[in-house]
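>>> Sequence first, then the predicted structure:
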Amino acid sequence: MRGLRHLSSGFVSNVTPSIEEKIGQGLLLQRGHPINTLKMRIQSYFGDRYSVFDSLSPHVTTQQCFDDLLVPRDHVSRSPSDTFYVNPEVCLRPHTSAHQTEFLRRGETNFIVFGDCYRRDEIDASHYPVFHQVEGVRVWKQADAGSSAEQRTAFVIEDLKHTLEGLAKEVFQSEIVLRWNEDYFPFTHPSLELEVAHEGDWLELLGCGVIRPEILENCGLQNHVGWAFGAGLERLAMRLFNIPDIRLFWSQDPRFLEQFKPDEVTKFEPYSKYPPCLKDMSFWTPESFEVNDFYAAVREVAGDLVEKVDLIDQFQHPKTLRHSHCYRITYRSMDRNLVNSEVDQLQEEVRESCSSKLGIELR
Ligand code: DAH
């Protein structure tokens, strides 16, 4: 595993202070926050027949989060370049699927789980290292789902599609066009993805499928069948509330928060889009370069003042064979005008921090 210095003596967590700050902020439970309003809509759709869990710690074991879900040993999602590790066995959940098996073992047969999730990822208007998901699971005794394996799979898929199409209609409360695609997830077979038509494009709503029987058996559920789904809340909320940038969900600015009332969906009125400030940065990469480490280092210095980071040029030196990358960092505040001197200073700090932490050589 590259990037995770995980010899038991010398383990260094890749959880940064700005990520730690997000743990426990509780946007899901904050009345009036768009994330809470969306959560309440989803919860009311599922009604009393489903148990709801919304306050589980985001610290999960790699067993819960990967092994129990049959995620292959070499799957990228396990890598410390993708997942935040607190120690080699405990990570910040990258998905709410991490809670499926604990509740199945406890005998829950219909449940939904809401939670904040954490992933190391690129930087742009729709990616942020902290986001929210909802997970849903429903299981039946085999005998209640049909008398042959094909019948049971068809029964589960039909219920799954019906349930999730209903969910999408409830969430958007308007005429929407949906389509199903085949997909792949390690924990379901068959696996599907549901998309909704949006501004001439297709927006992914959720992933889902028929739970692999080994997972149910390992939870003591022999002779059972069921479905599971997982959906990201930010992408839905961005569309419902017309929120243009994912960083806004974390804004404490009253001009953001006061626009929203509990359980009401209203369109966000941008208070103004402040001008961006672009800075380029070129460097020679070390052999072990992980781009997510670079993104994390930029965020650690610039916080929510960084809007996006784009790779704009790269080449390999013909003689030394070293690789050079050039990134364009877009700085922009959601709440105020950034002055040039401030951005210059930030950029200088980003450069210093990256060169000391990542073993890159600035050009
Ligand atoms: N955990 C998946 C993700 O984060 C989403 C998902 C897919 C959840 C299929 C499920 C499922 O429960 O059955 O991308």
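Thanks, I have the structure now. Being a predicted model, the structure only gives us computed values, none of them experimental.
>>> List the contacts of the residue in the stretch 51-200 of the chain that the ligand sits nearest to.
Closest contact between the stretch 51-200 of the chain and the ligand, by Cβ to the nearest ligand atom, is at residue 95 (3.5 Å). All C-beta atoms are positioned from the backbone trio N, CA, C, and that covers glycine. Taking Cβ atoms under 8 Å, 6 or more residues apart in numbering as the criterion, residue 95 is in contact with 65, 117, 133, 135, 230.
>>> Among these, find me the one that's closest to residue 52.
Comparing these against residue 52 with Cβ to Cβ places residue 135 closest, at 11.0 Å.
>>> Tell me the residues of the stretch 201-350 of the chain that contact the ligand?
Taking Cβ under 6 Å from any ligand atom as the contact definition, the stretch 201-350 of the chain meets the ligand at 207-209, 228-230.
>>> Among those residues, which one has the most neighbours?
residue 208 (27 neighbours; other Cβ atoms under 10 Å).
>>> did I read that right, residue 170 in a helix?
Yes: assessed by DSSP: H, G, I helix; E, B strand; the rest coil, residue 170 belongs to a helix.
>>> Compute the number of surrounding residues for it.
13.
>>> thought it was touching residue 38?
No: Residue 170 is beyond contact range of residue 38, at 10.9 Å (criterion: Cβ atoms under 8 Å).
>>> from the contacts of residue 95, which single one is nearest residue 17?
So of the contacts of residue 95, ranked by how close each gets to residue 17 (Cβ to Cβ), first place is residue 117, at 18.8 Å.
>>> ok, that closest one - contacts?
58, 92-96, 130-133.
>>> Which residue of this structure is positioned most peripherally relative to its centre?
In the chain, counting by Cα atoms, centre = their mean, residue 319 sits farthest out from the average C-alpha position, at 40.8 Å.
>>> Dihedrals phi and psi, that residue?
Residue 319 adopts backbone torsions of phi -90, psi -50, taken as degrees, to the nearest 10.
>>> quick one: it and the ligand, what's the gap?
Note on residue 319: its distance to the ligand, by Cβ to the nearest ligand atom, to the nearest Å, is 43 Å.
>>> Check residue 306 too.
Taking Cβ to the nearest ligand atom, one finds residue 306 at 24 Å from the ligand.
>>> Helix or strand for the residue nearest to the spatial centre of the chain, just tell me which one.
In the chain, the centroid-proximal residue (Cα atoms, centre = their mean) is residue 131; its distance is 4.9 Å. Residue 131 belongs to strand 130-141 when assigned by DSSP states H and E.
>>> Give the other helices and strands that that strand contacts.
Packing contacts for strand 130-141, counted by 3 or more Cβ pairs under 8 Å, 6 or more residues apart in numbering; DSSP states H and E, involve helix 34-46, helix 100-105, strand 110-118, helix 149-172, strand 224-232, helix 233-241.
>>> got those as JSON lines, with mean pLDDT columns?
Below are those laid out as JSON lines (pLDDT from 0 to 100):
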{"stretch": "helix 34-46", "mean pLDDT": "98"}
{"stretch": "helix 100-105", "mean pLDDT": "98"}
{"stretch": "strand 110-118", "mean pLDDT": "98"}
{"stretch": "helix 149-172", "mean pLDDT": "97"}
{"stretch": "strand 224-232", "mean pLDDT": "98"}
{"stretch": "helix 233-241", "mean pLDDT": "95"}
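>>> quick one, which of those is nearest to residue 79?
Once the helices and strands packed on strand 130-141 are compared by Cβ to Cβ, strand 110-118 is nearest, at 14.0 Å.
>>> quick revisit: list the contacts for the residue farthest from the centre of the chain?
Per Cβ under 8 Å, 6+ apart, neighbours of residue 319: none.
>>> May I have stretch 164-178 as CSV, with CA atoms only?
What follows is stretch 164-178, C-alpha atoms only, in CSV (Å, rounded to 0.1, in the frame of the first residue of the first chain):
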residue,chain,number,x,y,z
LEU,A,164,-36.0,3.4,-5.7
GLU,A,165,-38.1,4.9,-8.6
GLY,A,166,-40.6,5.9,-5.9
LEU,A,167,-37.8,7.4,-3.9
ALA,A,168,-36.6,9.5,-6.8
LYS,A,169,-40.1,10.8,-7.5
GLU,A,170,-40.6,11.7,-3.8
VAL,A,171,-37.3,13.5,-3.6
PHE,A,172,-37.8,15.6,-6.7
GLN,A,173,-41.6,15.9,-6.4
SER,A,174,-41.8,16.6,-10.1
GLU,A,175,-41.9,14.8,-13.4
ILE,A,176,-38.5,13.3,-13.9
VAL,A,177,-37.0,11.0,-16.5
LEU,A,178,-35.1,8.0,-15.0
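>>> buried ones in that stretch?
Under the neighbour-count criterion of 16 or more other Cβ atoms under 10 Å, stretch 164-178 has 164, 167-168, 171-172, 178 buried.
>>> Switch the contacts of residue 117 over to TSV, and while doing so, append pLDDT and distance to residue 105 to every line.
Output for the contacts of residue 117, formatted as TSV (pLDDT from 0 to 100; distance: Cβ to Cβ, whole Å):
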residue	pLDDT	distance to residue 105
58	98	20
92	98	22
93	98	17
94	98	21
95	98	18
96	98	16
130	97	28
131	98	27
132	98	24
133	98	21
